[in-house]
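1. Give me a model of this one.
(chains A and B)
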Amino acid sequence: MKPLAKAAAVVLLLAALTGCGSAGTGVPASGKNDDGGTLTVFAAASLRSTFIELAERFEAKHPGVDVRFSFAGSSDLVSQISQGAPADVFAAADTATMTRLQDAQLTESAPVAFATNTLAIAVPPGNPAEVQSYSDLARPGLKLVACAAQVPCGAAAKKIATETGMALAPVSEENSVTDVLGKVISGEADAGLVYATDIRTAGEKVEGIDFPESAGAVNSYPIAAVKGTPNKAAADAFIALATGAQGRQVLADAGFGQP
Amino acid sequence: MSAIRAARNAGYTGIPRWVLAVAVVAAALIVLPLVAIIARVDWPRFLPLVTSPESLDALGLSLRTSTASTFLCLVLGVPLALVLARSQFRGQRLLRALVLLPLVLPPVVGGLALLYTFGRQGLLGSTLSVLGIQIAFSTAAVVIAQTFVALPFLVVSLEGALRTAGSRYEAVAATLGARPWTVLRRVTLPLVLPGLASGAVLSFARSLGEFGATLTFAGSLQGVTRTLPLEIYLQREADPDAAVALSLVLLLVAVTVVAIAYRSPQRGAA
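-> Residues are numbered from 1 along each chain as shown, chains lettered A, B, ... in the order given. Okay, here's the model as predicted:
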C-alpha cells in the first residue's frame, strides 16, 4: 500500500503543479516518517553476499533496527544518492566513485577503506578454451568479455592492460561485473574478467583463474555514512561492524583482501 | 496541453470538468519528464557530445540495425498477419496470443529466451555452429533481438487493417479470375497500405529503443553491438551530460516517428 500511496502523492503533486488540484482536499502531507528503525545501506553489487551476512549479525546485535539494501553498480548508486535517494550508508567498489560522493558534499564522515578486491579470470566449467594465463586472453578467436572502462571493474582491467602493455580485445564490454559473469555462466563467452570474489560467489557455475598481473590494479572499497542520515548512530555502528574484526572475517571468507 | 486542445477541437462533448482535470494530470505525468530531460541538456556541449566518435558509432549502428529489423519484420510479419487475419485453423487464437507476447514480456526475459535459442549452448546453437554461424556478440544478434520485440507491432497493425478492410474486394477479384498471389498484390496489400506503413514505422521505433534484450543477448561493444540506448546506459555511469544529450537525440527521433505513424493512416485514406 505504501508504494501506491507514494505514487498517488506524486500524481497529486502533478495535479497541484498543473493547477488542477480538486478544490478543498489539497495535497496530503507526504508519508509520515516511520523510518526510525530502518537503516538503508547502498552498496556495490560485489558486496551483496557479505553485506547480507553482516546485516544478519547487525540485526541480531541491534534488535529493532531493520537493515535494508540497495545493491547496484557503484556509479549508479552515487547518482541515485545525488538525486536524493534515502541512503544512510554507502559502500563503493572503488575510491573514485566514493570521491564523487565526497565532491558532492554528500558524505557525513570520512570514508574508511574496509576491503580490497582484485580481478581474476572466470571461465565456464571445464574451461573449454583452455585459458591458463592473462596472456591467453589476447589469443585471437577467444571470446573474452570484460567491463567497460567507465565502471570500476573495467577501469581495473584497463589499468592492467596498460601496465602489461598487452591490449585486450573483448567481444563485449559490459556495464557491470554481474553482466560479465552472466555471459560466462551461460557459456557464451570463453572467458571473463571479473572480481576474484565474484568467482567464489558463483560457486560451481564458473571456474576461476588467478593471474599475477592483477596485482597491478587493486580496488579499494571505502564505506561512509551519507550526509543528513537520520540514523547516524546506527549508520556508524554498521560501519564499525564492516570495518571491525567481524567484518574483516566475513569479507576475507568471501575472498576480499585486507585494506 | 494536447488534451486541452483536443477537447476544444471536439467542442462540447459532455465531459465533466473533473475528467478534464484528471486528463491534464495524466498528460503532465508523461510530458513533464520529457520537459525535465530537455531542461537538463548541457547546450554548449550538446554538439560535441552527440558527435563524438562513440555517439556517432552508436547512432549509425542503431539506424542500420533498426532498418534491417524493420525489413525483417515486413518480410516475416506480413505473411504472419495474413495467415492470422484471413485463414482459420486450430490453435489460431493461441498463436495470436503467443505472437503478441513480446509486447508485454520484459525485454530482459526476451533476451534470455533468445540466448537459450540462438546462443552457443542454446536450442539451435549447436546446429548454427556446425554451419559456422556464431550469433552471440554480433550485429546479427542485435537485429534478431530487435525483430523479436518489434514484430508484434507490425503483425497487430496489419492484422487490424486487414480485418477492417474486409475481404469483399478480394472475393470479387477472385471471382473475376485473379489468382491468390495477384489478389494479394493488386487488391489486399494496396488496401491495407496505411496500416502496413504505420506498423512498419512503429516496428522501426521499437527497434530503435530496444535495450534489455540486446544487452542480455548481444552484449555491448562500440560499433558492433552498442546501440544508442546501450551507449546512453553506459555514458550515464561516467558522463551523465552525454547520456542526456543522446537521450534528446532519441527523443527527437521518437517524436518524428510518432508524428509519422499517426498521420499516415489519414493521409493514406485520403
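2. Now do the SS call for the residue nearest to A:V184 when sequence neighbours are not counted.
-> Spatial nearest neighbour of A:V184, chain neighbours left out: A:G192 (4.1 Å); criterion: CB to CB, 6 or more residues apart in numbering or on different chains. Quick note: C-beta positions are derived from backbone N, CA and C, even for glycine. When classified by DSSP: H, G, I helix; E, B strand; the rest coil, A:G192 comes out as strand.
3. how close does A:G192 get to B:F118?
-> 20 Å (CB to CB, to the nearest Å).
4. Can you pick out the residue with more neighbours from those two?
-> A:G192 (33 against 21; other CB atoms under 10 Å in any protein chain shown).
5. doesn't A:D179 make contact with that one?
-> No - counting by CB atoms under 8 Å, A:G192 sits too far from A:D179 to count as a contact (9.3 Å).
6. in which helix or strand would I find B:A58?
-> Here B:A58 sits within helix B:53-86, counting by DSSP states H and E.
7. Need the phi and psi values for the closest residue to chain B within chain A.
-> With CB to the nearest CB, the shortest gap between chain A and chain B falls at A:S172, namely 2.9 Å. Dihedral angles of A:S172 (phi, psi; degrees, to the nearest 10) stand at phi -150, psi 140.
8. how many other residues sit next to it?
-> Using other CB under 10 Å, A:S172 has 26 neighbouring residues.
9. dump the residue contacts of it.
-> Neighbour list for A:S172: A:V145, A:A146, A:K183, A:A189, B:F137, B:A218, B:G219, B:S220, B:L221, B:T225 [criterion: CB atoms under 8 Å, 6 or more residues apart in numbering or on different chains].
10. Report the buried members of those.
-> Those of those that meet the buried threshold are A:V145, A:A146, A:K183, A:A189, B:F137, B:A218, B:G219, B:S220, B:L221, B:T225, by 16 or more other CB atoms under 10 Å in any protein chain shown.
11. residues touching the residue nearest to A:V184, list them.
-> A:I121, A:A122, A:V123, A:L144, A:V145, A:A146, A:V180, A:L181, A:K183, A:V184.
12. tell me the secondary structure for the residue nearest to the fourth one when sequence neighbours are not counted?
-> Spatially, and ignoring its direct neighbours in sequence, A:L144 is nearest to A:P170 (4.7 Å; CB to CB, 6+ apart). Of the three states, A:P170 takes coil according to three-state DSSP.
13. On the pLDDT front, check A:P170 for me.
-> What the model reports for A:P170 is a pLDDT of 93.
14. In contact with it: list those residues for me.
-> By CB under 8 Å, 6+ apart, the contact set of A:P170 is A:L144, A:V145, A:A146, A:L193, B:L221.
15. On the three-state scheme, the closest residue to chain A within the stretch 101-250 of chain B is what?
-> Going by CB to the nearest CB, chain A is nearest to B:G219 of the stretch 101-250 of chain B, at 2.9 Å. Look at B:G219: counting by three-state DSSP, its state is coil.
16. what's the farthest-apart pair in the contacts of A:S172?
-> Farthest-apart pair in these is A:A146 and B:A218; separation 15.7 Å (CB to CB).
17. Show me what from chain A comes close to chain B.
-> Within reach of chain B by CB under 8 Å from any CB of the partner chain, chain A has these residues: A:11, A:14-15, A:17-18, A:20, A:22, A:73, A:75-76, A:79, A:143, A:145, A:148, A:150-151, A:170-175, A:179, A:182-183, A:186-189.
18. Only the buried subset of those residues, as a ChimeraX command please.
-> In ChimeraX, this line selects whichever of the residues of chain A next to chain B come out buried by 16+ other CB under 10 Å:
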select /A:14,15,18,20,73,75,76,79,143,145,148,150,151,170,171,172,173,174,175,179,182,183,186,187,188,189
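19. Out of the residues of chain A next to chain B, which sit inside helices?
-> A:V11, A:L14, A:A15, A:L17, A:S75, A:D76, A:S79, A:D179, A:G182, A:K183 (DSSP state H).
20. Check the residues you listed and tell me the two furthest apart.
-> Largest separation among those by CB to CB: A:A15 and A:K183, giving 45.5 Å.
21. give me the beta-bridge partners of the residue nearest to the spatial centre of chain A?
-> Using CA atoms, centre = their mean, the residue of chain A that lies closest to the mean C-alpha position is A:A44, 1.0 Å off. Judged by DSSP bridges, the bridge partners of A:A44 are A:A72.
22. wait, what's in contact with it?
-> Taking CB under 8 Å, 6+ apart as the criterion, A:A44 is in contact with A:F71, A:A72, A:G73, A:S74, A:L77, A:A91, A:A92, A:A93, A:P152, A:Y221.
23. switch to 6 Å and redo it
-> Contacts for A:A44 (CB atoms under 6 Å, 6 or more residues apart in numbering or on different chains) come out as A:S74, A:A92, A:A93.
24. One more: A:T38?
-> Each residue near A:T38 by CB under 6 Å, 6+ apart is listed here: A:D66, A:R68.
25. do the same with B:L80
-> Applying CB under 6 Å, 6+ apart to B:L80 gives the contacts B:V155.
26. Over to A:L77?
-> By CB under 6 Å, 6+ apart, the contact list for A:L77 reads A:F42.
27. Could you measure from it over to A:A93?
-> Distance from A:L77 to A:A93, by CB to CB: 10 Å.
28. Okay, now the unreliable bits of the chain?
-> Looking at chain A here, since you left the chain open. Scanning chain A for pLDDT under 70 picks out the ranges A:1, A:17-36.
29. nope, chain B
-> Short version for chain B, where the test is pLDDT under 70: B:1-13, B:263-270.
30. Show me what whichever strand or helix holds A:A157 is packed up against.
-> Using DSSP H and E, A:A157 maps to helix A:152-164. If you count contacts as 3 or more CB pairs under 6 Å, 6 or more residues apart in numbering or on different chains; DSSP states H and E, helix A:152-164 packs onto strand A:144-147.
31. let's see 7 Å
-> strand A:119-123, strand A:144-147, strand A:191-195 (3 or more CB pairs under 7 Å, 6 or more residues apart in numbering or on different chains; DSSP states H and E).
32. In JSON lines, list those along with distance to A:D210.
-> Below are the helices and strands packed on helix A:152-164 laid out as JSON lines (distance: least, CB to CB, whole Å):
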{"stretch": "strand A:119-123", "distance to A:D210": "5"}
{"stretch": "strand A:144-147", "distance to A:D210": "16"}
{"stretch": "strand A:191-195", "distance to A:D210": "12"}
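33. Comparing those, which comes out most buried?
-> For the helices and strands packed on helix A:152-164, the largest average neighbour count (mean count of other CB atoms under 10 Å in any protein chain shown) is found in strand A:191-195, namely a mean of 30.
34. Note down every partner strand of that one and its orientation.
-> Looking at strand A:191-195 with DSSP bridges, its partner strands are strand A:119-123 (antiparallel), strand A:144-147 (parallel).
35. So which residues on the stretch 1-150 of chain B come close to chain A?
-> B:18, B:21, B:24-25, B:28-29, B:32, B:115, B:119-121, B:136-137 (CB under 7 Å from any CB of the partner chain).
36. what about burial for the residues you listed, which qualify?
-> B:A21, B:V24, B:V25, B:A28, B:L115, B:G119, B:R120, B:A136, B:F137.
37. Among those, which ones are in helices?
-> B:A21, B:V24, B:V25, B:A28, B:L115.
38. The third one contacts A:L12, doesn't it?
-> Read that as B:V25. No - contact criterion CB atoms under 7 Å: B:V25 and A:L12 do not qualify, at 8.5 Å.
39. what's stretch B:104-114 in contact with?
-> Stretch B:104-114 is touched from outside by B:P102, B:I144, B:A145, B:F148, B:V149, B:E210, B:F211, B:G212, B:A213, B:L215, B:T216, B:F217, with contacts defined as CB atoms under 7 Å, 6 or more residues apart in numbering or on different chains.
40. For A:E174, which non-adjacent residue is closest in space?
-> Leaving aside its chain neighbours, A:E174 sits nearest to A:V180 (4.9 Å; criterion: CB to CB, 6+ apart).
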